[in-house]
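Engineer: Kindly generate the corresponding structure for this input.
(4 chains)
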Number of protein chains: 2
Amino acid sequence: MNKNRDVAAEEQSGALMADVARLAGVAISTVSRALANPGRVNEKTRAKINAAAKQLGYTPNAMARGLRVGKSNIIMIILPGSLYYGVSQIIPQVLQSINKSLIQGGYNLMIANLDRDEISERHILDLAFGGSVRGAIILSSKLPEVDGRSLASSGLPIVSMLLDMSDAGLQSVVTNDREAVRDVTAELIRLGHRRFFYLAGPEGNYHDVERYGGVLEALEAAGLSAESVRRSGGRLDYQHGFDIGVQAADDFAGLDEKPTAVIATSDDMAISFVSCIKRAGLSIPDDLSVVSFDGSPVCEFSSPPLSTIEQPVEEMGRAAVDLLLDALGQSQNPASAPTVIRSRLILRESVAPPKS
Amino acid sequence: MNKNRDVAAEEQSGALMADVARLAGVAISTVSRALANPGRVNEKTRAKINAAAKQLGYTPNAMARGLRVGKSNIIMIILPGSLYYGVSQIIPQVLQSINKSLIQGGYNLMIANLDRDEISERHILDLAFGGSVRGAIILSSKLPEVDGRSLASSGLPIVSMLLDMSDAGLQSVVTNDREAVRDVTAELIRLGHRRFFYLAGPEGNYHDVERYGGVLEALEAAGLSAESVRRSGGRLDYQHGFDIGVQAADDFAGLDEKPTAVIATSDDMAISFVSCIKRAGLSIPDDLSVVSFDGSPVCEFSSPPLSTIEQPVEEMGRAAVDLLLDALGQSQNPASAPTVIRSRLILRESVAPPKS
DNA sequence: CGATTTTTGGCAAACGTTTGCTATAAATCG
DNA sequence: CGATTTATAGCAAACGTTTGCCAAAAATCG
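Structural biologist: Okay, the predicted model is just below:
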């Protein structure tokens, strides 16, 4: 009883491999091999060691292992500045999906946030160059570069998620932004809509280029001119989606020929736009159909329920981790074509044929 | 030029302290001291070393340092299962606030998600017992415990955020759930409301206990009986807020004496409840005032704009990190009274005096 | 200017685990 | 049963950094 008390106290204070070795009556290296390379140790010896390790609650010291092996067991995720937007659950979904997959692969997830300042860039470069992380998943088009150190040249395996960065040499997992928006625009055209209002993200931003490109493709395929669509926005980033939507409602009010359908490139824009438009006396979808992008859960409870393109975040997260773990196992991986996982259009009451 | 090319190539491949020492013409230990204990090294020598380190783009290996010093520079955040809810931005806000503060203190943030399974509990315990992390911020009432290892007995400094876990010996940073709900209930009473409908989180959950307690306190202070409030919910967790709200709308329909004010304990519940109630023909706030908890940004764009109690997440995150860093500098810190940071009521159009 | 005190650089060992290599034991072959 | 092959345990060194200690140089004191 007293003896158990002593052992229990020892358990709680971080037993070393040396302690396991002593208890099992073998060398430290044999313990290491029994745990990491069981085929190299006799079954009887292994049983002794496993019992001792369990009794002591032995937990390997990852820093020691990482130092000796020369490889960390940490992956960093490089996030794009603000982690929170209006209603979007994309970042939490990304984190949850990636974390879960990494743990299954034996890795840990560390947060590296890429603000627009040197401190955050340096933080990321320290992690990369100091050997603290083994790879990265990046959700930003910018690769940190400060004081002659650049992430691109660090040799760290990197996978881009949400943005196609194949041109920059990164393997990428994306959704079919262009195609999804093209298809929903085609659906609006099929319903009879001929004039569109596009709520834009930042000009030149990957997502905006793809999504607006989808609109233009659908117009062309239907024999409509690019003049059929009016743009609002283009200056603010997606994290200011509510503001973009409010400004868009203003812009809409000033249009002579009113569009009958709105294509918002994020749920936030659509939600605030709809709120303002309804206050101005218009009715959705009677006067104006609205569709948006992201697939935030709250769209179902909007007034009226909002049609939206839902991004396959969980699946993309899993695919990004798979790509990264593959890259960790190989020396050099030229970026192949991006892995594309399709978004899904959820049609709800915000979309209807135009009145006239 | 060619010489610069060689040095540049060497820069990109992770220079060691030994390389800096060689270039500066000093011992490795002198480099270590110059960088970490500058007062111990002559200024002239220090300048040579700093120049060499800069030229080589030297980045310290944190695993080596952690192993030698016996202390990691990583803090884990223990999150409560699902990272995403309906409209809540609490988790991303928590992560952003804590990450920023930790980096300023020289620490890195690692994600540890506490699902309801052994895998995630074991993951957390491995991090704690293996020396991989130096401390933890926890957003869950449950402390991991598997195979004779428990987080509570690991000796790891832990700070609880959002939940008061002082009784379990953890320093805690919380908001004034009870008081905030009491005050908003008092405001509804002041407006003339006498019958209330409370949309509850999981029975016995810390937040629900506090928030419902606040309602009861306000009723008592106004001389109203506890019968003045009807509860809906109590079985589902907050991450199922939309479902709770939908069910509550059903429950509401079955009430003989209709309450005139709804106190929802999360924005999600309020949003879905309002959506369903409006479909049933009722009008907000004409027939029913609604107030909720969390302060999600989208409440401003709801129909009508939703009154909500906004949690001070950023400030709580900073306070949690401060408490934790303090705890890291001291050996034993009995939990004092929790740090309480006040929430803020944002009154919008969803609240008005009752009709009769 | 010699004695004493302070500053400074470097050696060597530490941290906890892994792995190449060798010696010995065990298994297999002829 | 001796010769050969295979399996296994253990020694020792490695990983990159830090820090105690000591010797020598520099600074200060009387």
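Engineer: So which bits of chain A are right by DNA strand D?
Structural biologist: A:25-30, A:33, A:39-45, A:64, A:67-68, A:70, A:131 (Cβ under 7 Å from any atom of the strand). (Each C-beta comes from the backbone N, C-alpha and C, glycine too.)
Engineer: A strand includes residue A:29, no?
Structural biologist: No - per DSSP: H, G, I helix; E, B strand; the rest coil, residue A:29 lies outside any strand segment and is helix.
Engineer: where do the helices sit along chain A?
Structural biologist: Remark: helices of chain A, listed N- to C-terminal, are A:2-11, A:17-24, A:28-36, A:43-56, A:62-69, A:90-104, A:118-129, A:177-191, A:206-221, A:241-253, A:267-279, A:313-328; assignment by DSSP state H.
Engineer: Deepest in the core, which of those helices is it.
Structural biologist: When neighbours are counted by mean count of other Cβ atoms under 10 Å in any protein chain shown, the highest per-stretch mean among the helices of chain A falls to helix A:267-279, a mean of 25.
Engineer: Kindly calculate the angle that that one makes with helix A:241-253.
Structural biologist: Between the direction of helix A:267-279 and that of helix A:241-253, the angle (axes from the mean of the first three to the mean of the last three Cα atoms, to 10 degrees) works out to 40 degrees.
Engineer: Summarise which helices and strands helix A:267-279 is packed against.
Structural biologist: Contacts of helix A:267-279 with other secondary structure elements, assessed using 3 or more Cβ pairs under 8 Å, 6 or more residues apart in numbering or on different chains; DSSP states H and E, are made with strand A:196-200, helix A:241-253, strand A:261-264, strand A:289-294.
Engineer: what's it in contact with?
Structural biologist: A:85-88, A:199, A:233, A:238, A:241-246, A:248-250, A:252, A:262, A:264, A:284, A:288, A:290-296, A:298-299, A:302-303, A:306, A:308, A:350, B:298, B:301-303 (Cβ atoms under 8 Å, 6 or more residues apart in numbering or on different chains).
Engineer: Compute the inter-axis angle for it and helix A:90-104.
Structural biologist: For helix A:267-279 and helix A:90-104, the angle between their directions (the same axes, to 10 degrees) works out to 160 degrees.
Engineer: got the contact list for residue A:241?
Structural biologist: The neighbours of residue A:241, taking Cβ under 8 Å, 6+ apart as the test, are A:85, A:86, A:88, A:266, A:267, A:268, A:269, A:272.
Engineer: So for the second one, what's the nearest residue that isn't a sequence neighbour?
Structural biologist: On the basis of Cβ to Cβ, 6 or more residues apart in numbering or on different chains, the spatially nearest residue to residue A:86 that is not a chain neighbour turns out to be residue A:268, at 3.6 Å.
Engineer: Could I get the pLDDT score of the one you found?
Structural biologist: Per-residue confidence (pLDDT) for residue A:268: 95.
Engineer: for residue A:238, same thing?
Structural biologist: In this prediction, residue A:238 carries a pLDDT score of 91.
Engineer: how far away is it from residue A:312?
Structural biologist: Look at residue A:238 and residue A:312: by Cβ to Cβ, to the nearest Å, they are 18 Å apart.
Engineer: Same drill for the two, tell me which one is more crowded.
Structural biologist: Under the criterion of other Cβ atoms under 10 Å in any protein chain shown, the comparison of residue A:238 against residue A:312 puts residue A:238 first, with 24 against 19.
Engineer: What's the separation between the more buried one and residue A:96?
Structural biologist: When Cβ to Cβ is the yardstick, residue A:238 and residue A:96 sit 20 Å from each other.
Engineer: and what of residue A:158?
Structural biologist: Distance from residue A:158 to residue A:96, counting by Cβ to Cβ: 21 Å.
Engineer: what do you get for residue A:269?
Structural biologist: If you measure residue A:269 against residue A:96 using Cβ to Cβ, the figure is 25 Å.
Engineer: Quick one: closest of the helices and strands packed on helix A:267-279 to residue B:316.
Structural biologist: helix A:241-253 (23.4 Å; Cβ to Cβ).
Engineer: What residues of stretch A:163-180 count as buried?
Structural biologist: A:163-166, A:170-180 (16 or more other Cβ atoms under 10 Å in any protein chain shown).
Engineer: my bad, stretch A:195-203
Structural biologist: Neighbour-count burial for stretch A:195-203 flags A:195, A:196, A:197, A:198, A:199, A:200, A:201, A:202 (criterion: 16+ other Cβ under 10 Å).
Engineer: dump the residue contacts of the residue nearest the centre of chain A.
Structural biologist: Among the residues of chain A, residue A:94 comes closest to the average C-alpha position under Cα atoms, centre = their mean, at 4.1 Å. Residues near residue A:94 by Cβ under 8 Å, 6+ apart: A:77, A:139, A:161, A:162, A:313, A:316, A:317.
Engineer: Which single residue of the stretch 151-300 of chain A ends up nearest chain B?
Structural biologist: With Cβ to the nearest Cβ as the measure, residue A:275 is the residue of the stretch 151-300 of chain A nearest to chain B, at 4.0 Å.
Engineer: quick one on the thing from earlier: and the residue nearest to residue A:86, how close does it get to residue A:165?
Structural biologist: Residue A:268 sits at a distance of 24 Å from residue A:165 (criterion: Cβ to Cβ).
Engineer: same deal with residue A:327?
Structural biologist: Using Cβ to Cβ, residue A:327 is found at 14 Å from residue A:165.
Engineer: what does residue A:135 give?
Structural biologist: From residue A:135 over to residue A:165 the distance is 15 Å, taken as Cβ to Cβ.
Engineer: So for residue A:182, what's the nearest residue that isn't a sequence neighbour?
Structural biologist: Leaving out its chain neighbours, residue A:182 is closest to residue A:214 (Cβ to Cβ, 6+ apart), at 3.7 Å.
Engineer: Quick one: residues contacting the one you found.
Structural biologist: Contacts of residue A:214 were listed using Cβ under 8 Å, 6+ apart, and they are A:177, A:178, A:179, A:180, A:181, A:182, A:183, A:185.
Engineer: Columns pLDDT on top of those, output as JSON lines?
Structural biologist: Conversion of these to JSON lines gives the following (pLDDT from 0 to 100):
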{"residue": "A:177", "pLDDT": "96"}
{"residue": "A:178", "pLDDT": "97"}
{"residue": "A:179", "pLDDT": "97"}
{"residue": "A:180", "pLDDT": "97"}
{"residue": "A:181", "pLDDT": "97"}
{"residue": "A:182", "pLDDT": "97"}
{"residue": "A:183", "pLDDT": "97"}
{"residue": "A:185", "pLDDT": "97"}
